[in-house]
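Asks: everything below, folded, please.
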Amino acid sequence: MVEVARRRPRSLAHEVVDVLSGRIRDGSLAPGEKLPTEAAVMEEFGVSRTVVREAISRLQAAGLVETRHGVGTFVVGLGENTAFRISPEQLGTLQDVIAVLELRIGVETESAALAAARRTPENLQALRNALQAFTKAVEEGRDAVGPDFQFHLEVARATQNRHFVDLMGTLGGMMIPRARLEPPGPPTPERQAYLRRVNAEHESIVDAIAGGDPEAARAAMRTHLANSRERRRRLAEGR
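Replies: Numbering: from 1, shown residues only. Take a look at the predicted model:
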């Protein structure tokens, strides 16, 4: 058993992340490989289920793993050797985050439109599962970055074009602005209200994709990402 059990819960999660990310980096856990179950990780590290879930959420936010609901959590890879990569150091300021949101607007609006034209019943179920996971995280006051990233990844999968999926995997969970700009811990009432608005925007995207309406899906995704960009612009301007 890895000796981490005497630390505080947040420190525990950090150490679980360090060990698992180290295994991913050294190849012990290869891209495409399924992570051990929650129960197995709990037993190995001597930690609670809450700690394991926080650790997995952080690995998702770092773009190292992805969760496929009902199947498990899988290693995505490092993105270290890809031709295109945005490192955490390139997301150090509000302007950096706004720049990534502008890139996402260009890519994900078309991704949503293609998803509406090509989605399968399995894609729709995966999208609804991701939406449900986001809703639950928000209502329970937990970190919703992992489910947020998973939602956008499922939209990319629904395009049936692996390049969209690969690009999203390269960006990783750091593409979610909250992963870089907001402090850890339970959300404030204001932040929780904002996350509920984000959830409503996600619902609009799913409705358009489920309805097979590319133009509505494109518009819903653009509205969602533009709203996030404008919120960051207001923060940058001190408003």
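Asks: which residues of the chain fall in helices?
Replies: Taking DSSP state H as the criterion, the chain contains helices spanning 9-25, 38-45, 49-61, 94-118, 121-139, 145-157, 162-171, 178-181, 189-210, 214-236.
Asks: adding mean pLDDT, mean neighbour count and distance to residue 71, write those out as JSON lines.
Replies: C-betas here are computed from N, CA, C, even on glycine. Shown next, in JSON lines, are the helices of the chain (pLDDT from 0 to 100; neighbours: other CB atoms under 10 Å; distance: least, CB to CB, whole Å):
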{"stretch": "helix 9-25", "mean pLDDT": "79", "mean neighbour count": "17", "distance to residue 71": "18"}
{"stretch": "helix 38-45", "mean pLDDT": "92", "mean neighbour count": "16", "distance to residue 71": "13"}
{"stretch": "helix 49-61", "mean pLDDT": "88", "mean neighbour count": "22", "distance to residue 71": "14"}
{"stretch": "helix 94-118", "mean pLDDT": "91", "mean neighbour count": "19", "distance to residue 71": "20"}
{"stretch": "helix 121-139", "mean pLDDT": "93", "mean neighbour count": "17", "distance to residue 71": "10"}
{"stretch": "helix 145-157", "mean pLDDT": "89", "mean neighbour count": "25", "distance to residue 71": "12"}
{"stretch": "helix 162-171", "mean pLDDT": "81", "mean neighbour count": "18", "distance to residue 71": "15"}
{"stretch": "helix 178-181", "mean pLDDT": "55", "mean neighbour count": "19", "distance to residue 71": "24"}
{"stretch": "helix 189-210", "mean pLDDT": "93", "mean neighbour count": "17", "distance to residue 71": "20"}
{"stretch": "helix 214-236", "mean pLDDT": "90", "mean neighbour count": "18", "distance to residue 71": "25"}
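Asks: export these as TSV, with columns for distance to residue 67.
Replies: Listed next are these as TSV, based on distance: least, CB to CB, whole Å:
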stretch	distance to residue 67
helix 9-25	14
helix 38-45	11
helix 49-61	7
helix 94-118	19
helix 121-139	8
helix 145-157	6
helix 162-171	13
helix 178-181	16
helix 189-210	16
helix 214-236	21
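Asks: of those helices, which is nearest residue 76?
Replies: helix 162-171 (4.9 Å; CB to CB).
Asks: distance of residue 46 relative to residue 144?
Replies: Distance of residue 46 to residue 144, given as CB to CB, to the nearest Å: 27 Å.
Asks: of these two, who's got more company?
Replies: Set residue 46 next to residue 144 and count neighbours by other CB atoms under 10 Å: residue 144 wins out with 25 against 14.
Asks: list the contacts of the residue lying closest to that one once chain neighbours are set aside.
Replies: Nearest residue to residue 144 in three dimensions, chain neighbours excluded: residue 137, at 4.0 Å (CB to CB, 6 or more residues apart in numbering). With contact set as CB atoms under 8 Å, 6 or more residues apart in numbering, residue 137 has these partners: 143, 144, 146, 147.
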